[in-house]
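A.B. asks: The amino acid sequence is not available; the structure is as follows:
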């Protein structure tokens, strides 16, 4: 008798998913557990070259991992059994999501892809959200709403919706955004169904995965003999922590391959966001101002590294307190990971989406330090660096194209053309929440922007 076969649908078939979740599922398959297979596709038509390459290779590709000491390993990943071609109505993706044997729908759409404001409500002014409120499917909410509508017709439509992005309390934030979206579109029946038939666990994901280097296919062919048009690379380090709240407990046996299934993700999530994600972005902004193009060069720049180190040491560790994680050790491990010269992670990739990262990842530390009676000088330097970084963007002087899913170009240009750009920046509630009304915070930001300007060498 053949064992039950399940599908894990992943929306957002990018390098990170293929070097992270797909690797874990591949480990299960290697162990002899082949009950789960991945189907994957995209909401947007921007990665079809990868899809076509995967289809031509039977879904297989090579993952290269590399340590800071240039220890490289090559592995064929075979867990993506069904790459899904993009089409305008997303019908193949919706059909896969609505299949009864699809029991997990996971997604990686980046922080900006949740379109949440500083109060974690949907940004209804965003054109993509507006399009989806009118029946479109440009966002994760639009596509999931259409999938759930179809799943309601199944005899067993129960499903786990698994957010795999660096959003704090990501499962809860996605759930609340989805419910708000369904309310605005009048799909109250889907909201009622959601309560009994789906879960949205919180997760924490971690592996540095740069855009594949141009010479990666040639290196893989030389090392393995395989011709691969869709390889990926990542650092050796990998971690995945998931709140063990899968619907009906139907899930792969991920704990057998190193995934941490826990009651609460929060301690891991907070440590990762504040000790890894925030310094990563800050190093990219500051390193760019210092004329660097790669994360490892920027981290090896003593002044840039010190800014990241001071932020964690002076503000994050006091904010998080004793959360069961050795935070000083974690800080040092993270900064060492950033110095890996073989990953060749770019400042351009990591600097992206600053307008989402500041409210989601930096604002909480600023607010907590103020509430505790401390003046968060080390943390305030980070948005100050972003201000100077974006000033260079405004003047057309960045060495690369800045990418941001919620960038309002006209508003940013208007800010720098105003009589007092720092005031406009400091009083932006979308970025700084309650601190937008704090006179001392504005004064602190002015001080730190002057300091940030001294990083600028071009």
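C.D. replies: Received the coordinates, thanks. The structure presented is a predicted model; accordingly, all values stated were derived computationally and were not measured.
A.B. asks: Residue 96 contacts residue 81, correct?
C.D. replies: No. Assessed by CB atoms under 8 Å, residue 96 is found out of contact with residue 81, at 11.2 Å. For every residue, glycine as well, the C-beta is placed using N, CA and C.
A.B. asks: anything in contact with each of these two?
C.D. replies: Both residue 96 and residue 81 are in contact with residue 39, where contact means CB atoms under 8 Å, 6 or more residues apart in numbering.
A.B. asks: Check whether residue 425 really touches residue 445, as I assumed.
C.D. replies: Yes. Between residue 425 and residue 445 there is a contact at 7.1 Å, judged by CB under 8 Å.
A.B. asks: shared neighbours, the two?
C.D. replies: Taking CB under 8 Å, 6+ apart as the contact rule, residue 425 and residue 445 both touch 383, 387.
A.B. asks: show me the biggest helix of this protein in terms of residues.
C.D. replies: Counting by DSSP state H, the longest helix found in the chain is helix 377-394.
A.B. asks: How far does that one sit from its chain's centre?
C.D. replies: 21 Å (CA atoms, centre = their mean, to the nearest Å).
A.B. asks: for stretch 431-443, same thing?
C.D. replies: 26 Å.
A.B. asks: hmm, who's touching stretch 113-133?
C.D. replies: For stretch 113-133, the external contacting residues (CB under 8 Å, 6+ apart) are 12, 136, 138-142, 145, 165, 167, 173-174, 176-177, 180-181, 184-185, 359-360, 363, 405-406, 429-433.
A.B. asks: Between the two ends of that stretch, what distance do you get?
C.D. replies: Distance between the two ends of stretch 113-133: 15 Å, counting by CA to CA, to the nearest Å.
A.B. asks: In this structure, where is pLDDT below threshold?
C.D. replies: Applying pLDDT under 70 to the chain flags the ranges 1-3, 458.
A.B. asks: do that again at 50, thanks
C.D. replies: 1-2 (pLDDT under 50).
A.B. asks: mind giving me the domain split of it?
C.D. replies: Here the domain parsing of the chain from automatic domain parsing is 6-262, 266-453.
A.B. asks: Dump those into CSV; add mean neighbour count as well.
C.D. replies: Below are those laid out as CSV (neighbours: other CB atoms under 10 Å):
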stretch, mean neighbour count
domain 6-262, 18
domain 266-453, 19
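A.B. asks: Show the subsequent helix or strand relative to the strand or helix carrying residue 223.
C.D. replies: Secondary structure from DSSP states H and E places residue 223 in helix 216-224. Counting by DSSP H and E, the next helix or strand C-terminal to helix 216-224 is strand 232-235.
A.B. asks: Describe which strands that next one pairs with in its sheet and in which direction.
C.D. replies: strand 61-66 (parallel) (DSSP bridges).
A.B. asks: mind checking how far the partner strand is from the chain centre?
C.D. replies: With CA atoms, centre = their mean as the basis, strand 61-66 stands 20 Å off its chain's centre.
A.B. asks: Packing partners of the helix or strand following that strand?
C.D. replies: Sequence-wise, the next helix or strand downstream of strand 61-66 (DSSP H and E) is strand 72-77. In terms of contacts (3 or more CB pairs under 8 Å, 6 or more residues apart in numbering; DSSP states H and E), strand 72-77 is packed against helix 21-30, strand 61-66, helix 216-224.
A.B. asks: if I look at the spatially closest residue to residue 188 that is not a sequence neighbour, how far off is residue 452?
C.D. replies: Residue nearest to residue 188 in three dimensions, not counting chain neighbours: residue 182, with 7.3 Å by CB to CB, 6 or more residues apart in numbering. When distance is defined by CB to CB, to the nearest Å, residue 182 is 42 Å away from residue 452.
A.B. asks: I'd say residue 338 and residue 280 touch.
C.D. replies: Yes. Counting by CB under 8 Å, residue 338 touches residue 280, with 6.8 Å between them.
A.B. asks: all strands of the stretch 151-300 of the chain, in order?
C.D. replies: Assigned strands in the stretch 151-300 of the chain, in chain order: 159-163, 198-199, 203-206, 232-235, 239-243, 260-262 (criterion: DSSP state E, counting those that start in this stretch).
A.B. asks: picking up where we left off before, for residue 307, find the nearest of the helices and strands packed on strand 72-77.
C.D. replies: In terms of CB to CB, the element of the helices and strands packed on strand 72-77 nearest to residue 307 is strand 61-66, at 26.2 Å.
A.B. asks: quick one: that closest one to helix 216-224, angle?
C.D. replies: For strand 61-66 against helix 216-224, the angle by axes from the mean of the first three to the mean of the last three CA atoms, to 10 degrees is 90 degrees.
A.B. asks: can you give me the angle strand 61-66 makes with strand 72-77?
C.D. replies: In terms of direction (the same axes, to 10 degrees), strand 61-66 departs from strand 72-77 by 160 degrees.
A.B. asks: what does strand 61-66 rub up against?
C.D. replies: By CB under 8 Å, 6+ apart, strand 61-66 touches 18-19, 23, 53-54, 72-77, 80, 216, 219-220, 224, 226, 228, 230-236, 340, 342-343.
A.B. asks: Then stretch 357-376?
C.D. replies: Against stretch 357-376 from outside (CB under 8 Å, 6+ apart): 111, 116-118, 166-168, 273-274, 277-278, 281, 315-316, 318-319, 379-380, 382-383, 386, 430-435, 438, 440-441, 444.
A.B. asks: again, but for stretch 38-56
C.D. replies: Outside of stretch 38-56, the residues within contact range by CB under 8 Å, 6+ apart are 7-14, 17, 21-22, 25, 60-61, 79-86, 88, 90, 92-93, 96, 102, 109, 137-140, 143, 229-230.
A.B. asks: do the same with stretch 18-25
C.D. replies: The contact list for stretch 18-25, computed with CB under 8 Å, 6+ apart, reads 8, 10, 36-38, 40, 61, 63, 75, 77, 79-80, 106, 108, 164, 205, 207, 209, 232-234, 238, 240, 252, 254, 257-259.
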